[in-house]
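**Q** Here you go, sequence then predicted model.
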Amino acid sequence: DTSGKMVIEAENISKVYDKPIVTDFSTRVIRGDRIGIIGANGAGKTTLIRMLTGDLPPDSGRVRLGSNLQIATLDQRRAALSADTTLKEALTRGGSDTLMINGQPKNVMGYMKDFLFAPEQARTVVGKLSGGERGRLMLARALSLPSNFLVLDEPTNDLDLETLDLLQEMISDYPGTVIVVSHDRDFLDRVATSVIVAEGDGIWTEYAGGYTDMVAQRGFGVRAPDAPAAKAKAGRTAHLAPMVPPTPKGKLSFKQKHALETLPKQMDKLRAEIDTLGRRLADPNLYAKDPTSFAAASEAMGAAEAALAKAENDWLELEMIREELEG
Ligand SMILES: Nc1ncnc2c1ncn2[C@@H]1O[C@H](COP(=O)(O)OP(=O)(O)O)[C@@H](O)[C@H]1O
Ligand SMILES: [Mg+2]
């Protein structure tokens, strides 16, 4: 009997917005699976996981979820915390200093240490944390609630290398099921038991193994939505895509090359801006003294973080294309 192991059973689910986002997709997720979702910006990764986790009904088809699922999510939009919340408050959610982690009581200071925070950071406000630290905090928060199903929507976007290692470790040790949206090839190779890839036109295909296994089975990796080969293929042969080898142009377009060269600088600029805003928000008097400036800085911080996440995403996609073209 496998019914107790069933986490998700999706049958022929579809969703159309202004274009087909998911077309007739079926999958089964079994307890302990670690599933990676890969696709370009706007391909429908967030929509797909929302349907798979019962957060969004499909237009057609159906999704059955296993019983007693406790879902923990790490959202793409991480705006949930206000900038003046302290690290400790964020982790305890204003409650007791003892957290229940995987069924065991744990003091919040020890938990902070597990996530590479120093004890003196307990009273640091969220607005003062670096982008990487904020990512780490959101991860710690997601994992501090009892759960058996972890849903991570682009958690790797703004994580530093240290945190990426930590995340890999956490996912490996996590006793439940994991769905993670990521473009990070190494990361997926290390954690994923299968990957679900956007093939274009709302077609999604599942491959056993990590990113490298997917490329081997599919014959090629992920392309940007406007890559010539993907355009030419779209429609007519989309359902055959996994079996059809690519006809790469052999090099990046001028626009892609330019973006690949300029994005790192843009990302540095955004990181500097986030640091500056973080310092401004960290001024304990600002909120009391000038709530309007505080709100404006918080908003600018959110915008800069979103822009950084997008730039990093674009850069990663271009890097993957470059890697494929250059072998
Ligand atoms: N609620 C919605 N209404 C209309 N269009 C939507 C909605 N949610 C997402 N979309 C559109 O569907 C496409 C896929 O979105 P999304 O699932 O967020 O993609 P991804 O997570 O891969 O970047 C995008 O073009 C987006 O604008
Ligand atoms: Mg998304």
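**A** Done, it's in. These numbers come from a predicted model, not from an experiment. Residues are numbered from 1 along each chain as shown. Ligands and ions are numbered 1, 2, ... in the order given.

**Q** Doesn't L252 lie inside a helix?
**A** No: under DSSP: H, G, I helix; E, B strand; the rest coil, L252 sits outside any helix and is assigned coil.

**Q** From here on, call the first residue 52.
**A** With 52 as the first residue, the last one maps to L303.

**Q** surely it meets M371?
**A** No: counting by Cβ atoms under 8 Å, M371 is not a contact partner of L303; they are 11.4 Å apart. C-beta here means a position set from N, CA and C on the backbone, and glycine is covered the same way.

**Q** show me where the stretch 152-301 of the chain has strands.
**A** Ranges of strands within the stretch 152-301 of the chain are 155-158, 200-204, 228-232, 245-251, 254-259, based on DSSP state E, counting those that start in this stretch.

**Q** out of the ones you listed, which comes closest to K56?
**A** Ranking the strands of the stretch 152-301 of the chain by proximity to K56 (Cβ to Cβ) places strand 228-232 first, at 9.8 Å.

**Q** and the residue of the stretch 252-378 of the chain found nearest ligand 2, what are its phi and psi?
**A** Closest approach between the stretch 252-378 of the chain and ligand 2, counting by Cβ to the ion: N364, at 9.0 Å. When read as degrees, to the nearest 10, the backbone of N364 gives phi -60, psi -50.

**Q** wait, doesn't it sit right on S233?
**A** No: using Cβ under 8 Å, N364 is not in contact with S233; the gap is 10.1 Å.

**Q** quick one, which of the two is more surrounded?
**A** S233 (25 against 19; other Cβ atoms under 10 Å).

**Q** for the residue in the chain sticking out farthest from the centre, phi and psi?
**A** Computed with Cα atoms, centre = their mean, the residue of the chain farthest from its C-alpha average is K340, at 36.4 Å. In terms of degrees, to the nearest 10, the main-chain angles of K340 are phi -80, psi -40.

**Q** Enumerate the residues of this structure near ligand 1.
**A** Residues of the chain lying close to ligand 1 (Cβ under 6 Å from any ligand atom) are Y68, I72, G90, N92, G93, A94, G95, K96, T97, T98.

**Q** now the residues you listed in CSV, with distance to G183 and secondary structure?
**A** Listed next are those as CSV, based on distance: Cβ to Cβ, whole Å; DSSP: H, G, I helix; E, B strand; the rest coil:
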residue, distance to G183, secondary structure
Y68, 33, coil
I72, 31, strand
G90, 25, coil
N92, 22, coil
G93, 25, coil
A94, 26, coil
G95, 28, coil
K96, 22, helix
T97, 22, helix
T98, 28, helix
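
**Q** May I see the buried residues of stretch 175-191?
**A** 175-180, 182-191 (16 or more other Cβ atoms under 10 Å).
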